[in-house]
Structure formats: structure tokens, C-alpha cells
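Peer 1: This is the structure alone, sequence omitted:
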């Protein structure tokens, strides 16, 4: 997989997401299905969107004891998604168990990436509320290295950390980065953000873009702008 723009389809119903994607015509963008849509519509929405030709990042952020995550990933592996994820804070045993569960009998599996810190988490929140000591960039790099050592393919991080993670974990370790906004847009509830062009400069492999595309007056034009700034 090369660099790409992933649209965060954070809708609450099948009707909404299908109406949105119909606007793209024959273009089949890479899309993210998160908890809101998955919990509203169940696994059938994944199957239907895959049948329509979309690559899918299934963003459920699994975080539980290793055995539970292993069994969950075994179920998710049957959906033929392209990427799925979990929380790096679950530890190496959980991540290794997830990989075991995600791997199909023929040896194939989706890419597995680990969430380091949510892009809504600030330095202050991490230190004062979550009681995680240290600089947020160092903590994220440490989580990323632990994920790599556990066999995970990459991490979810903000674009601001992508370069450092590649320095620590190597250029082949994927960085999938939400927290992307155009320079003329509101930052919303995100704390650590960058524009698509800046994310490209910082070394992001994939950017995940939600409201700047889904809430735009012309979503197709907003998506094309992201592709121009990040991929082209």
C-alpha cells in the first residue's frame, strides 16, 4: 500500500454513509468505519462496502485481556478489511494475541496498527488525568517501539509524531494519522493537528480525514484537495 487519504465515515446509519459515498460516483475512496457506524449497523455494513469496492480501515480500537482480543480479532479477520486496530496501551501480550487471532488459516491477515495516544489527548491531559509521566512525544515513541517489537505493522498517531516514529521504528513501520485539518478550518476537538501538506512533509503514510471532508459543502472537492496536497 502506498500513501493514501482515508475518509472517516463517522455516520450513524447505512443510509447516511451510502448517500455520502454515492456522491463520489465511480471513485472508491479508502474509508474508515468507526464505532458509531459499526455499532449502528453491525458487520454487514463492512461486507456491503467491501462489495462496493472500498478499502476499509475498521477502527474499533480493541483493548481488553489478551484472550478476549485474540478471539475478537479472529472474528474481525473474516470481514476481509484492509486495516484494523487496537490500543498499544494494552501491552505486548495483548498485541501478540491480537496478531494470532487476526491471522487466517492460510496465513493472510489485515494490517494491524496500534493507537499510541488519541489526537485529542494533550500533554496536560496525559500527565495530569491519565497519570502517564514524561513528554508526550517520548511516550508515543515508546508505545510505537513496543508495538513494532510485538509484530504490529504500524501505529495511529498524530502527523506531528510520524517522523520521530519512523526514526525510532524504521521507514517501513506505518504511520496512520488522524488530526488532519485544512489550514482554513476549525481544529474541532483535536489537539495535535496538521494540514494534509504538512502531514506529507512530516512523513505520514496515511491520513485519516473526517469532518473536513464529510461536513464540507462539496465533499468530493474536499477529498480531491486532500489527495492533491497529500498524495500528488
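Peer 2: Looks like it came in fine. These figures come from a predicted structure and were not determined experimentally. Numbers count the residues shown, from 1 in each chain.

Peer 1: May I see the buried residues of the biggest helix by length in the chain?
Peer 2: Identified as the longest helix of the chain according to DSSP state H is helix 136-149. Neighbour counts using 16 or more other C-beta atoms under 10 Å place 136, 137, 139, 140, 141, 143, 144, 145, 146, 147, 148 of helix 136-149 among the buried residues. For glycine as for every other residue, the C-beta is placed from the backbone atoms N, C-alpha and C.

Peer 1: Enumerate residues external to it that contact any of its residues.
Peer 2: With contacts defined as C-beta atoms under 8 Å, 6 or more residues apart in numbering, helix 136-149 is touched by 88-89, 91-92, 95, 113-114, 116-117, 121-123, 126, 132, 154-155, 157, 160-161, 164-165, 168-170, 173.

Peer 1: and what of stretch 112-131?
Peer 2: Outside stretch 112-131, the residues touching it (C-beta under 8 Å, 6+ apart) are 61, 73, 83-89, 95, 98-99, 102, 132-136, 139-140, 143-144, 147, 152-158, 161, 174, 176, 178-179, 189-193.

Peer 1: Next step: the residues you listed restricted to helices.
Peer 2: The helices, defined by DSSP H, take in 73, 95, 98, 99, 102, 136, 139, 140, 143, 144, 147, 161 from the contacts of stretch 112-131.

Peer 1: pretty sure the fourth one is in contact with residue 111, am I right?
Peer 2: No: here residue 99 lies out of contact with residue 111, judged by C-beta atoms under 8 Å, at a distance of 10.7 Å.

Peer 1: Doesn't residue 59 lie inside a helix?
Peer 2: No: Residue 59 sits outside any helix when classified using DSSP: H, G, I helix; E, B strand; the rest coil, being strand.

Peer 1: Just give the closest residue to it, not the sequence neighbours.
Peer 2: Of all residues beyond its chain neighbours, the one nearest residue 59 is residue 34 (4.5 Å), with distances taken as C-beta to C-beta, 6 or more residues apart in numbering.

Peer 1: Next, give phi and psi for residue 207.
Peer 2: Main-chain dihedrals, residue 207, degrees, to the nearest 10: phi -110, psi 140.

Peer 1: residues touching it, list them.
Peer 2: Contacts of residue 207 (C-beta under 8 Å, 6+ apart): 5, 6, 159, 177, 178, 180, 196, 199, 226, 230.

Peer 1: Looking at the residues you listed, which is nearest residue 210?
Peer 2: Of all the contacts of residue 207, residue 210 sits closest to residue 178, with 7.4 Å by C-beta to C-beta.

Peer 1: Can you tell me the SS state at the nearest residue to the closest one once chain neighbours are set aside?
Peer 2: Once flanking residues are discounted, residue 178 sits nearest to residue 208: 4.2 Å by C-beta to C-beta, 6+ apart. Secondary structure assignment for residue 208 (three-state DSSP): strand.
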